[in-house]
Structure formats: structure tokens, C-alpha cells
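A.B. asks: coords please:
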Amino acid sequence: MSGLKFTDQAARQLEALYMTADVVAQRSDTLRKLPLARGHSVIDIGSGPGFLCESMADVVGPSGRVLGIDISADLIARAAQRNHRQWLSYRVDDATHIDEPDASFDVATCTQVAEYIPEVDKAISEAFRVLKPGGRALFIATDWDAVIWHSDAPQRMAAVMKAWERHCAQPRLPRSMPKRMRDAGFVLDAATVFPIVNLRWDDDAYSKGIVKTIGEFVAKRGGMSDDEVAAWAAEFPRLSDEGRYFFASSRFVFSASKPA
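C.D. replies: Numbers count the residues shown, from 1 in each chain. Below you'll find the model as predicted:
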């Protein structure tokens, strides 16, 4: 589905990243934007570690249903290990060919996943298909060209971020999402931004959590040497100690509905 391969080790790294304060705050913001109620049926397309599914399951309750699908068997296995709710289930499935009947769900979510799907229009159309008339969808995506990360070596930083773009199929997806969603049949109800800003090199910060994943990808598949990547990562603690650390990333949130 993308340049990232979620082995068990990578799944563990992603799980830890999703437990940082920044991602927990984004998950809370996502829940506030969702029109969830008791008894609703929900599909989370690209459910990853399953934390959002668990939160949504708590809202819809035993009279509802939450299904998390992901292309990674390792991520599905880790999410399923934590699950103790009978109305929450996980399954390995393809976002472009979802094995569910038409009009099956009240709500569909796809958070930080669509940019990793080469055939993203098919995934959007599938989300539309499995929603009931009047159903709601929420897509969240990052524009990786819009990340701001301070460095005393700006050329090296630019090279790392350019190489990192190869980890996903659609690194600037938010710019085309409104048209893609309308072409699929959705009515676009709102477009908002969830900002992540880190001013310290901190274990609970999203930017520190993602450095290892970026470094490993860029060193192995991005065309940069281990020494270059090590020097890139080594700069951050110093900048933080000097009060000069700065990272900002915007998550673009698209809320839409299927005409009744």
C-alpha cells in the first residue's frame, strides 16, 4: 500500500507513536468531530493500532458495531490482542476493495491512511459505497511538504524530508481531497486543521516519536547514508537544550456526508 512495511517491530513503533500526547490529543479531536451515538455502526479504514476503534466502540456501545480494517496483519494482530469488546472486531482487508455490503455503516473514518494508498480514489469510493444514505465520513491526511522542522543544516533537513516523501503514495494529498471526495459522490461539510507543534525534544512529542521511523526509512530506501541520517537526528537534543527546537505539522480534516 505504501513504502512503509509494518512488520511486528514497525507495528510496535507505530503503537508507541500513537500513545504520545500529540496523537492522543488528535484522537480526542477526531472523536469530537464525529457524529457518533449509541447504536451506530462504524468502519475505520486503516485502523492501525486500533486506539481510535476502541474509543469509538466505547461511544457506540454494545448495541453498535465497530469494524477496523487494515492491510497489515501485524497491526491487526496487535489491535486484536487488546480487544475485549464483543461489538468491536478487526480484519485484514484492502481499503480499495472492502469486503462489506453496500450501505452497511453509519460512519466511516480514515485517519492518516489515505495518503498511503496509490489508488486513493478507489478507497474514497469504497468508503462512500459502504456508508448508508445520510452516513458521515471523516478523512484525515498530512501534507508532508508543509511540515516545518527547524535545523541549523537546512539543506540536510530538506534532503531528509524529500527522501521521506517516498514513504507514502500521496505526500500532498490534502490539496486534492475536496475534489476527490466530491467526485466520489460525497458532500463536503467541513475542512479543518489539527495542528501539532513541538517546542521540545520530548518522549511524549510526536516529532521525537517519528524520528526513528524516518531515519530507518531514509537510510534504507531514501538514498542517504547512515552517517547523514545520524547527524540529522543528533541535532535535535542540542536544539532543544538551547531552546531552539521547533516542529510543526498540520493534519487536514475533511468531514463529509453521503446524500440521503
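
A.B. asks: going by C-alpha atoms from here, please, whenever you check contacts or count neighbours.
C.D. replies: Fine.

A.B. asks: show me where the stretch 51-200 of the chain has strands.
C.D. replies: 65-70, 88-92, 105-111, 131-142, 148-149, 187-198 (DSSP state E, counting those that start in this stretch).

A.B. asks: for the fifth one, which outside residues touch it?
C.D. replies: It refers to strand 148-149. Here strand 148-149 makes contact (CA atoms under 8 Å, 6 or more residues apart in numbering) with 157, 246, 247, 248, 249.

A.B. asks: quick check: residue 186 touching residue 256?
C.D. replies: Yes. In terms of CA atoms under 8 Å, residue 186 counts as a neighbour of residue 256; the distance is 6.0 Å.

A.B. asks: before we move on, back to that, residue 143: which of the contacts of strand 148-149 is nearest?
C.D. replies: Distance to residue 143, by CA to CA, is smallest for residue 249 among these, at 8.3 Å.

A.B. asks: and the closest one, how many neighbours?
C.D. replies: By other CA atoms under 10 Å, the residues close to residue 249 number 21.

A.B. asks: doesn't residue 197 make contact with it?
C.D. replies: Yes. In terms of CA under 8 Å, residue 249 counts as a neighbour of residue 197; the distance is 6.7 Å.

A.B. asks: quick one: low-confidence ranges for the stretch 151-260 of the chain?
C.D. replies: Counting by pLDDT under 70, the stretch 151-260 of the chain contains no low-confidence segment.

A.B. asks: show me the helices in it, by range?
C.D. replies: 154-164, 177-184, 206-221, 226-241 (DSSP state H, counting those that start in this stretch).

A.B. asks: over to the stretch 1-150 of the chain?
C.D. replies: Counting by DSSP H, counting those that start in this stretch, the helices of the stretch 1-150 of the chain are 8-17, 21-33, 51-60, 73-82, 120-130.

A.B. asks: most packed of those helices?
C.D. replies: Mean neighbour count, computed with mean count of other CA atoms under 10 Å, is highest for helix 120-130 among the helices of the stretch 1-150 of the chain, reaching a mean of 22.

A.B. asks: show me what that helix is packed against.
C.D. replies: Applying 3 or more CA pairs under 8 Å, 6 or more residues apart in numbering; DSSP states H and E, one finds that helix 120-130 contacts helix 177-184.

A.B. asks: fine by me, thanks again.
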